[in-house]
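*Asks:* Sharing a sequence plus its predicted fold:
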Amino acid sequence: EDYLGTTLNAFARELFPAESMLAGAVGVFVVNVHGAGHKRFDEAKERFSTNPAFRFSEKAEDPALTANRVDPPHVAGNANRPGWRVRKQTRD
């Protein structure tokens, strides 16, 4: 299933028309946190390449900060600030 494409198509339908004064008021930032070779990301990047509202990025953060990271128990998170694993899952 192409959840990314479905989501971006929904955003595209809601954007202001090109002739509107507000056409550039909204930007949709799409970040690939999985690394090179993500099929759906690459397809979406190609499909929306002519739409200036969509901006694609291959890297959101330094991979050294997140690769195989394990939170120590004292920073594992709580109900108000989830730990690193939950934050990563949210980005995925």
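*Replies:* Arrived safely. Residues are numbered from 1 along each chain as shown.

*Asks:* use CA for all of it now, contacts and neighbours both
*Replies:* Will do.

*Asks:* so where is this structure shaky, pLDDT-wise?
*Replies:* Scanning the chain with the threshold set as pLDDT under 70 gives 60-82, 84-92.

*Asks:* tell me the helices in it, going along the chain?
*Replies:* For the chain, helices defined by DSSP state H occupy the ranges 3-14, 39-47, 84-91.

*Asks:* Adding mean neighbour count, write those helices out as CSV.
*Replies:* Below are these laid out as CSV (neighbours: other Cα atoms under 10 Å):
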stretch, mean neighbour count
helix 3-14, 13
helix 39-47, 15
helix 84-91, 12
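
*Asks:* how about those, which one is nearest A25?
*Replies:* Closest approach to A25 among the helices of the chain (Cα to Cα): helix 3-14, 12.2 Å.

*Asks:* Who are the packing partners of that closest one?
*Replies:* helix 39-47 (3 or more Cα pairs under 8 Å, 6 or more residues apart in numbering; DSSP states H and E).
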